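**Q** sharing a sequence plus its predicted fold:
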Amino acid sequence: GDNCSIHIHISAKNPTSMCELDFLGSEIVVQPLRERFNRNAHTWSWNETLRENLSRILEIEFPEPTPTNKETFKVDCGICYSFRLQLETNTESKQSNESKSKSKNGNDTSLLPNQVCDNKKCGTPYHEYCLSTWLRSLTDTRHSFDTMFGKCPMCYETISIRSSSSAAAILRK
């Protein structure tokens, strides 16, 4: 639909400095936000809160916080129907269940849905790995350079993904 998410990277050493943003969602929705961010990023103020800066730079009013539980924000993948896709490499498969969500360097080895159908009426999120696997299984998937084009599993409109997706590369290691 008309929803998008913003993954915000805040510097632990300097939390009031300009943050990095990853916009997740349909291109139709996130492209205007990227343009506003690029146009207004120079106005970042160290004296304002993150919320105030982002509201001004993105030219949007954020909704007021409402009490909710964290399950409200989970959006499951339209293929595997899970929020987190656990990555399991040969090394990790030998580890105990308690440490499976962490890699050797302590990083989370699970993926969140980061690909979204661009059809405004659909907007279904997918894990990069799941969508890549799905498109590879279809006989009518087309390849152009490093991009695969196929049909969204939910609405059957055209959807695309880079065939050299990072998730697939991680799982092949």
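**A** Sure, I can see it. Numbering: from 1, shown residues only.
**Q** please make it C-alpha for all contacts and neighbour counts, starting now.
**A** Will do.
**Q** what about the nearest residue to residue 118 once chain neighbours are set aside, distance to residue 128?
**A** Closest residue in space to residue 118, ignoring its immediate chain neighbours: residue 26 at 4.6 Å, by C-alpha to C-alpha, 6 or more residues apart in numbering. Remark: distance between residue 26 and residue 128 (C-alpha to C-alpha, to the nearest Å) = 14 Å.
**Q** and the longest helix for this protein?
**A** Secondary structure of the chain per DSSP state H: the longest helix is helix 27-40.
**Q** gap between that helix and the chain center?
**A** Its chain's C-alpha centre and that of helix 27-40 lie 16 Å apart, by C-alpha atoms, centre = their mean, to the nearest Å.
**Q** residues contacting stretch 20-28, please?
**A** 1-10, 30, 33-34, 114-120, 123, 125 (C-alpha atoms under 8 Å, 6 or more residues apart in numbering).
**Q** among these, name the buried ones.
**A** Among these, those buried by neighbour count (16 or more other C-alpha atoms under 10 Å) are 1, 4, 30, 33-34, 115-119, 123, 125.
**Q** and the closest residue to residue 55 other than its chain neighbours, its phi and psi?
**A** Leaving aside its chain neighbours, residue 55 sits nearest to residue 61 (5.8 Å; criterion: C-alpha to C-alpha, 6+ apart). Per-residue torsions, residue 61: phi -100, psi 120 (degrees, to the nearest 10).
**Q** kindly report the same for residue 150.
**A** Torsion angles, degrees, to the nearest 10, at residue 150: phi -150, psi -160.
**Q** burial measure for the closest residue to residue 3 other than its chain neighbours, as a count.
**A** Distances taken as C-alpha to C-alpha, 6+ apart put residue 25 closest to residue 3, at 6.7 Å, once the chain neighbours are dropped. Residue 25 has 24 neighbours, counted by other C-alpha atoms under 10 Å.
**Q** likewise for residue 38?
**A** When neighbours are defined as other C-alpha under 10 Å, residue 38 has 12 of them.
**Q** now do the same end-to-end measure for stretch 37-46.
**A** Note: stretch 37-46 ends 16 Å apart using C-alpha to C-alpha.
**Q** fine, thanks again, bye for now.
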